[in-house]
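Asks: Quick one, what's the 3D model for this:
(one chain, ligands or ions: 1)
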Amino acid sequence: MDIQDSNGDEMINKGNIDIQRPRKTRFEYEDDEVDQDETLDEAITETSNLEDDALMCDPDESVIGADKTSADYYFDSYSHFGIHEVSLLCLDEKLFNIQCLTLTDFLALQEMLKDAVRTKTYQNVIYKNNFLFKDKIVLDVGAGTGILSLFCAKAGAKHVYAVECSQMADMAQEIVKVNGFSDVITVLKGKVEEIELPVAQVDIIISEWMGYFLLFENMLNTVLYARDKWLVNNGVVLPDKASLYLTAIEDADYKEDKIEFWNNVYGFNMSCIKKQSIMEPLVDTVDQKQIVTNCQLLKTMDISKMAPGDASFTAPFKLVAERDDYIHALVAYFDVSFTKCHKLTGFSTGPRSRTTHWKQTVLYLEDVLTICEGEALVGNMTVAQNKKNPRDVDIMIKYSLNGRRCLVSRTQHYRMR
Ligand SMILES: C[S@@+](CC[C@H](N)C(=O)[O-])C[C@H]1O[C@@H](n2cnc3c(N)ncnc32)[C@H](O)[C@@H]1O
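Replies: Numbers count the residues shown, from 1 in each chain. Below you'll find the predicted structure:
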């Protein structure tokens, strides 16, 4: 899908409204330990955060660096490597040289594993539904440390193939051995798209493929590739449903801090940087008190049936104000569910649910919109893989508000990279 530009943007603001600003509290991540030695029964706890979430019921080349992709950032951002690599070398030079893993890699892995909403949900899905796994052949797509493979082996899987393309595969191999599962789990180092699986078919594909904004880094296509190549007829994909949602927030303080900052930097106009920063969605936690409108389901994907192209789409939205307020940004988030379980299980990454490492994705609007209760911000969102780097996601939002205090019609482009 090619995202086209469009003209005719306009904005008329007819004055201010008297509102009480919600208090800004960005959430702290809640850290739950997973007991490594727990038995299968002990490990089963209720951690799905679905019930908490009301929603379960309900390029511009002139811009500096606009043509850069995540691959470029990967290499030129010292926040990715530089400092962290040096620290790791100081910590353990031998490990760095042999495994080529950076401290950033370890911290990212730890962040995922410590995300109890994420990891405990997978653990519960597997342990509480061991009837799905008993004597079955499982493929773990993107195994990382092998944690999901270990859960499956412990739940009675006949054999688990853990495929991991990074150096972490060596660690996974070691972890599998140390935990006594070498006869049940085979770690295969390589890309899913390139490895040879020792079996022709698998009964279950399990994967934690979701990126920021659900689709960033595009691992979904890898899962779909594995599904089409190896999954037996009536096989199970876990998770099998993923939905993307949109809402609108008041976010004056953060927009000022992150975007408007560039208007006047020690007395100098750096608004050319503002143009780029507004195009980059911000991954951060949003306080539910900031939500001004309803939350709108944009798209549900059925991982067991969808085609790879279905991850590029245009979806309409209608966001109705629940109070008089200002709108500074739209916020996207997702949930995933495992519908083949005894009991519907899953989790949400929404602002009304317990925080996960995915947080939410904030898309700042160029204008501050003034909206009155009952008025609707309408439009559509187009999501597509970036052509130059398929790991990146291009997002286009067309929106209009025909309200008592604000008339606006605009198209904005964003890129997750
Ligand atoms: C989000 S992590 C999940 C790791 C682990 N399954 C867990 O739940 O903790 C995704 C992993 O998939 C791996 N990966 C991504 N694309 C892959 C591909 N095409 N083939 C094999 N592994 C891949 C990454 O290196 C990363 O370790």
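Asks: Partner strands of the longest strand along the chain and their direction?
Replies: In the chain, assigned by DSSP state E, the strand with the most residues is strand 325-338. Here strand 325-338 is paired, per DSSP bridges, with strand 241-249 (antiparallel), strand 345-348 (antiparallel), strand 360-371 (antiparallel).
Asks: Which among those is found nearest to residue 282?
Replies: Residue 282 lies closest to strand 360-371 among these, at 4.4 Å (CB to CB). All C-beta spots, glycine's among them, are computed from the backbone N, C-alpha and C.
Asks: Let me see the contact set for whatever residue of the chain ends up closest to the ligand.
Replies: Proximity of the chain to the ligand (CB to the nearest ligand atom) peaks at residue 142, 2.2 Å away. Shown in contact with residue 142 (CB atoms under 8 Å, 6 or more residues apart in numbering): 163-165, 192, 207-209, 219, 222.
Asks: still on that earlier bit, let's have the strands paired with strand 325-338 in TSV, adding distance to residue 178, mean neighbour count and mean pLDDT.
Replies: Below are the strands paired with strand 325-338 laid out as TSV (distance: least, CB to CB, whole Å; neighbours: other CB atoms under 10 Å; pLDDT from 0 to 100):
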stretch	distance to residue 178	mean neighbour count	mean pLDDT
strand 241-249	33	24	98
strand 345-348	29	24	98
strand 360-371	37	22	97
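Asks: Ok, which of the ones you listed comes nearest residue 312?
Replies: Across these, closest to residue 312 is strand 241-249 (CB to CB), at 12.3 Å.
Asks: helix or strand right after that closest one?
Replies: Per DSSP states H and E, the first helix or strand lying C-terminal to strand 241-249 is helix 252-258.
Asks: Give me the average confidence score over that following helix.
Replies: The pLDDT scores in helix 252-258 average 94.
Asks: cool, and stretch 208-224?
Replies: 96.
Asks: still on that earlier bit, put together a markdown table for the strands paired with strand 325-338, with distance to the ligand on each row.
Replies: Below are the strands paired with strand 325-338 laid out as a markdown table (distance: least, CB to the nearest ligand atom, whole Å):
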| stretch | distance to the ligand |
| --- | --- |
| strand 241-249 | 14 |
| strand 345-348 | 13 |
| strand 360-371 | 16 |
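Asks: Now do the buried residues in stretch 277-286.
Replies: Of the residues in stretch 277-286, 277-279, 281-282, 285-286 count as buried by neighbour count, 16 or more other CB atoms under 10 Å.
Asks: Enumerate the residues of the stretch 151-300 of the chain near the ligand.
Replies: Applying CB under 6 Å from any ligand atom, we find that the stretch 151-300 of the chain lies next to the ligand at 163-166, 168, 191-193, 208, 219, 222.
Asks: Where do the helices of the stretch 201-350 of the chain begin and end?
Replies: 220-230, 252-258, 271-279 (DSSP state H, counting those that start in this stretch).
Asks: Out of those helices, which gets nearest to residue 203?
Replies: Using CB to CB, the helices of the stretch 201-350 of the chain put helix 220-230 closest to residue 203, at 9.8 Å.
Asks: one step back: so which of the residues of the stretch 151-300 of the chain next to the ligand sit within helices?
Replies: 168, 222 (DSSP state H).
Asks: and the residues of the stretch 151-300 of the chain next to the ligand, which are buried?
Replies: 163-166, 168, 192, 208, 219, 222.
Asks: biggest separation within those residues, which pair?
Replies: 168 and 222 (15.4 Å).
Asks: what's residue 400 in contact with, if anything?
Replies: Counting by CB under 8 Å, 6+ apart, the residues that residue 400 touches are 377-379, 408-410.
Asks: So which of those are in strands?
Replies: Using DSSP E, those in strands are 377-379, 408-410.
Asks: Show the contacting residues for the residue lying closest to residue 135 once chain neighbours are set aside.
Replies: Excluding the flanking residues, the one nearest residue 135 by CB to CB, 6 or more residues apart in numbering is residue 158, at 4.6 Å. Residues in contact with residue 158, defined by CB under 8 Å, 6+ apart, are 135-137, 184.
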